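**Student:** build me a model from this:
(2 chains)
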Amino acid sequence: MYFKNYIRYFFGAKMLRYLCQLVILFTLVSSCIEPFEGAVNSFEDVLVVNATLTNENKKQEVLLTRSFRFEEEVAPAEENAEVIVRTDNGDQYMFEEVAPGKYLSNVAFAAEMNKEYTLSILTENGQSYTSSSMELPVENTSIDNVYAERTINNDGIEGMGIFVDSFDPSGNSNYYRHEYIETFKIIAPAWTPFDIVVLNEGVSTFNTAIILREREERTCYGTNPSRSILVASTLALSEDRLTKYNVRFIERDNYILTHRYSVLVRQYVQSPEAFSYYETLRGLSQTSGNVFSEDQPGFLAGNIFSSENPTENVAGFFEVAAVAQQRIFFDYEDFFPNEEAPPYISDCTPFSPSAEGSLGERDLANLIYADAIRYFAPGQVVTDRCGDCTVLGSNVVPDFWIE
Amino acid sequence: MSCRIILILLFTLSTHLIVAQKNPSVLSIDAQGKSIKEVLFDIEERTRYRFYFAEEWIVDKTMNTSFSDASIEQILKVIFDGTSINYYIDSSDRIILTQNSTIYTNLPQGFFRDTITKTPQETISTPIFIKKANNETNERIETIRIGRENLKIRKQQFTLSGFVKNSKTGAPIPNLTIIVQKLSRGTVTDSKGYYELTLPVGINLVEASLLGFQNLKKNVILYNNGTLNLSLDETFEELDEVVLEVDSFQNIEDTSTGSSTINSEESKNIPLVLGERDVLKIATTLPGVTTAGEGASGFNVRGGKTDQNLILLNDAVVYNPSHFFGIFQALNPFAIKEVNIYKGSIPVEFGGRLSSVFDIRTKEPSNEKLKAELAIGPVTSNVVVEIPIVKNKAGLLIGGRGAYSNWILRSLDEDNLKNSQASFYDFIANYSHKLDEKNDLEATGYYSKDVFSITSDSLYSYSNRLVSLKWDRKFNERHNGSLSLHNSQYKFNIDFDGSVNSNFSQNYQIDETELKLRMNYIWNEKHKITYGVSSKLYSVLPGEIAPRSASDLISATKVPKEKGLEAAIFLSDDIKINEKLQLDVGVRYAFFAGLGPSAQRVYQDGVPRSDNTVLRTETYSNNEVFETYGGPEARISARYLIRDDLSIKASFNNTYQFIHTLSNNTTVSPIDTWKLSDSNIEPQQASQLSLGIYKNININAYEFSLEGFYKKQQNILDFKTGAQLLLNENVETEVLQGEGKSYGVEFLVRKNKGKLNGWLGYTYSRSLFKLDSEFNEERVNDGAFFPSNFDKPHDVSLVMNYKLSQRISLSSNFIYQTGRPVTFPVGNFTINQGDFVLYSDRNKFRVPDYYRLDLGINFEGNHKKKKLFHSFWSLSVYNVLGRNNPYSVFFVTDNGEVKALQSSIFAVPVPSITYNIKF
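**Tutor:** Below is the predicted model:
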């Protein structure tokens, strides 16, 4: 289904943009894709289950959230639910809520072959849900190689590509999903050892002080998880092999490449049902809406159903998967020796906010209170992220970090 | 079916008409060095006077005068001085030129019964009518005695004979009616002007009349056989307008419901995007025919899907009648004569698609003289040439059309577009040969191709090809028929060459060949019988994918070829029960056989079809029949004439369809594939009942129709969400077959005559689908009826054309439609740190309503007959109101963030200009 994804892609957003451009060309009119102005005012509150049982021996995790409105940022947690995973030979694994909506099994266990696993959920308000029974599709999986290469993407942009090679000689894996977590070193370009604080402020008085910073704010480590669905099938290929499968592309002017970059790639071998769910979900969210191959959207049912009300919609999928992972590191210099480094995430030109004005109208004071600036030089400040890397990442060196 | 030719002769009998806009009483014209014709055109251009004449009358005389402040009469007098031309100026500023003869404004008395009285007579200068005949009250009739009274003769009847001649030229007058009204006895003169009439003894009032001659009355006192030679004076009539109306009551008298005809030539004034005349686009302004939006090819007819229309070009199927994703029709507008659309009762000879038949006919090539038409537009140009091959017997029409977008793209600075290409072209040829009185031959060939690439690494192309051969034969006055052979092909190809190891080339192809015999037999006045048989062989290459080089990991896959035979036998009788009631009763037996070689899967019962529920696979050898479907189709319609201009009609139809598109799109996409029915995909079926009332008023100036329909469909194809259809050998695992129902009322008023003409259509209709199953994954919206993608309850179109003058016309096109149903997101949810959209039940919401106004103005070059060519400018603005009609509303997840976007194709006014030349 490798090539089908290409077709989808080309008849996808790109196609529409292309048609737009042609129409614009022929008619000298402006853009034809724009934000939708009409109101979408209907909201459906459904339970969202995020559960991947793996063959790693660990405390397995189940995330329970609710759907949320467009104007909202974060999914509300489904708290105080009773979560149990059962096997067909009578084993039961109880889960415990360790953070709002995050449930971990009481004991560490690994999913095993030839066992059927079922997820049961009883929510705080008494609704119960059960999943279809799922099995581990393969005993284990392995990644041959994760590597980075300087490359040019389909849009003609230069940057770094993260690729995966994988091969299953038995030919049983077929359905792959990848996730990654990238970590990158950030050095605040306008860092100084000093900070500016408000000493006192009154109707006619306003005094600031320069103090020494108390914590590491120069070098940090930023972390981003993958947010897109990366699925690939090798069924149409002559071998169960992924060659140079692109999991991540970073444009060369992205600041995360500036110093040192690391990425952990996790490879899941999925069941056909789970693969189809993720693939459809990706199709619905990423390339829909184009003129020529508009996917028919609709509620996408997973494998979790309400016990009381069969027509109630439940989003998400309970999957059992084999997993393998590999981490790599590289420096910008390794691939772009003696080339100009990417620009920082924002402009770091120092500026001098006014300390004048009446109480509450002093720009400098307001910026300090809002924690939006850092001290740079006498009379000069920079925006917070230029002088303090903790705005963008953590000042703790990750355990896995190798310089 | 009946055709009537109504000849309407309207006579202007009065010069007292008040003309709203007066011509200037005096004119100044510099005629120095101009020919007579040029002066006449000059006058036409500057005044409302219009000249009517035959070109050959006008001598090549060069004027050497100029007129200043001269009256029209003065000017004309000078112009025609010394020529044999007479002129006559009528009440509506028409100047009629005649050679030698003078026009008189009045007809002789009694020429028409209702024009006898109150005839003004002031304009006659030198009447050559017989004075007596001009004055009814004081009419004196000459009395003539024939023969001598002979008392010995007891005969009561005698023969009057004679010769009638033109008093002016002395030529005999044939076909003159000579009657004696009292006796209801009469005769007609023969070709040499002789007549013979038997009359009783005594006084007979003999009257002679013929159009173009003055009536003559004589009292003949007959005593014996005798001779009476008559000479008649010519009279003159001014025919104000002779309108030949063929089929003007057709809409009333036809038995079929839901049929319309669009004439390509007549549609040239309707403004369309990018200046292309397009009969198929115009079809969508008719009630009951809709399209998903701009840039969407395919039609939804009365709640049917886009694959349910049989689109025929001279009887052969066109699979994809559009270029450039539906923005242009793939048919050369100059080569097309008309399209007949059947959306209600489908004639018995057609079948195989559920919703409609678009029967497109090419022009019959001229077999008299060379003709050519050429149009130059902003994106495309097209040309059609008609070449006589054998004078009055055979002609050839050749047409070509192409887009020059490739050239534009290459000359661009933008890299993105520079490397892309988009072009299309089509060719058409038609050869018609009248072998003799009884045999006609026609051959048509057509090819269209689109090629486009979006990035430098992919190339898409699709093409249509068809050939149609037809032999019409007239066996005798009552029996005729046609035998035709057609072949159609549609294919597409995708080449992808831009990746390390997954480059490929992919093909699809469908071929069909049909042999059809259609016979008409007029049994008697009451029974007209149509019968025939047709058989069609399909061959589908559903897809093949091959790696482009050895390093490509794509394994060569070939979905096996499909073959099928579709056949039908049909018979219908058009029965005229009486003047009022007419029935058209037809039956068609449709049959389909799936032919091997094939491997058909047998699935377990009671579980959803999937790769895991296959019981076994049956294999069939070449041409072995593995599945048959079929059934009778009724084609029944009835018409009852309440009055000459008012009728009601009803019809019932049912249809089978054995070929389906695999598409989960709303619109037709060039990579949609057609699939034949097989063991696991049953034929689609529909049945439709329609009822309509039709009324014409004002001598057919206005046509009204109101039609209602109710349609049920079975086994319509839909697909599971996100189904993979391309190159899927076992597509039945993705298919859902459900029920559909649609109903609606269509209102149409059409004004066919006058300066302002056009139509207004309004449709209220619904189109609903139901996908129910015992399995959760095969059920949509809990198995209840839901609006289909093209359910647009309200649909209004208003097409108007106003003739400002002979050469300038204004046209407009207004469309309003309820927004089409969409599935909207009803929230977000988070999976694996990414936010995704939660969708509502299918088609629960609608995009905003659609409306659009297009305006156009057309300038015709002057009407000089001897001009080298006739030209025609058309200027149009599409979407004048700049309405941003959302084509679709969609939501994308971009870096974990959900965005609502809308797409529209033509969101601002789009002007265009086209120049047409006709030789």
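**Student:** which of the residues in stretch B:220-234 are buried?
**Tutor:** B:220, B:222-224, B:226, B:228, B:230, B:232-233 (16 or more other C-beta atoms under 10 Å in any protein chain shown). The way it works is simple: take the backbone N, C-alpha and C, and place the C-beta from them, glycine included.
**Student:** show the end-to-end separation of it, please.
**Tutor:** With C-alpha to C-alpha, to the nearest Å applied, stretch B:220-234 spans 22 Å between its terminal residues.
**Student:** helix or strand for the residue of chain A positioned farthest from its centre, which one?
**Tutor:** Going by C-alpha atoms, centre = their mean, the residue of chain A most distant from its centre is A:Ser204, 48.7 Å out. Assessed by DSSP states H and E, A:Ser204 sits outside every helix and strand.
**Student:** picking up where we left off before, could you dump the buried residues of stretch B:220-234 to JSON lines with pLDDT and distance to B:Gln489?
**Tutor:** As requested, the buried residues of stretch B:220-234 are exported to JSON lines (pLDDT from 0 to 100; distance: C-beta to C-beta, whole Å):
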{"residue": "B:Val220", "pLDDT": "82", "distance to B:Gln489": "78"}
{"residue": "B:Leu222", "pLDDT": "78", "distance to B:Gln489": "80"}
{"residue": "B:Tyr223", "pLDDT": "78", "distance to B:Gln489": "86"}
{"residue": "B:Asn224", "pLDDT": "79", "distance to B:Gln489": "84"}
{"residue": "B:Gly226", "pLDDT": "81", "distance to B:Gln489": "80"}
{"residue": "B:Leu228", "pLDDT": "83", "distance to B:Gln489": "75"}
{"residue": "B:Leu230", "pLDDT": "82", "distance to B:Gln489": "71"}
{"residue": "B:Leu232", "pLDDT": "80", "distance to B:Gln489": "67"}
{"residue": "B:Asp233", "pLDDT": "79", "distance to B:Gln489": "69"}
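**Student:** for chain A, what spans make up the helices?
**Tutor:** Taking DSSP state H to define them, one finds helices in chain A at A:2-10, A:13-27, A:272-286, A:332-335, A:363-369, A:384-387.
**Student:** work out the gap between stretch B:383-401 and the centre of the chain.
**Tutor:** With C-alpha atoms, centre = their mean, to the nearest Å as the basis, stretch B:383-401 stands 21 Å off its chain's centre.
**Student:** list the buried residues for it?
**Tutor:** B:383-388, B:394-401.
**Student:** for stretch B:37-50, same thing?
**Tutor:** Buried-residue list, stretch B:37-50, by 16+ other C-beta under 10 Å: B:37, B:39-41, B:43-44, B:47, B:49-50.
**Student:** remind me which residues of the stretch 301-403 of chain A are low pLDDT?
**Tutor:** Within the stretch 301-403 of chain A, no stretch has pLDDT under 70.
**Student:** can you give me the strands in it?
**Tutor:** Applying DSSP state E, counting those that start in this stretch to the stretch 301-403 of chain A gives strands spanning A:304-306, A:314-331, A:373-377, A:380-383.
**Student:** save those strands as TSV, and put in distance to B:Asp30 and mean neighbour count too.
**Tutor:** Output for the strands of the stretch 301-403 of chain A, formatted as TSV (distance: least, C-beta to C-beta, whole Å; neighbours: other C-beta atoms under 10 Å in any protein chain shown):
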stretch	distance to B:Asp30	mean neighbour count
strand A:304-306	92	19
strand A:314-331	84	21
strand A:373-377	84	22
strand A:380-383	80	20
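**Student:** and the buried residues of stretch B:220-234 as JSON lines, adding distance to chain A and secondary structure?
**Tutor:** Below are the buried residues of stretch B:220-234 laid out as JSON lines (distance: C-beta to the nearest C-beta, whole Å; DSSP: H, G, I helix; E, B strand; the rest coil):
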{"residue": "B:Val220", "distance to chain A": "80", "secondary structure": "strand"}
{"residue": "B:Leu222", "distance to chain A": "84", "secondary structure": "strand"}
{"residue": "B:Tyr223", "distance to chain A": "90", "secondary structure": "coil"}
{"residue": "B:Asn224", "distance to chain A": "89", "secondary structure": "coil"}
{"residue": "B:Gly226", "distance to chain A": "85", "secondary structure": "strand"}
{"residue": "B:Leu228", "distance to chain A": "79", "secondary structure": "coil"}
{"residue": "B:Leu230", "distance to chain A": "73", "secondary structure": "strand"}
{"residue": "B:Leu232", "distance to chain A": "67", "secondary structure": "strand"}
{"residue": "B:Asp233", "distance to chain A": "66", "secondary structure": "coil"}
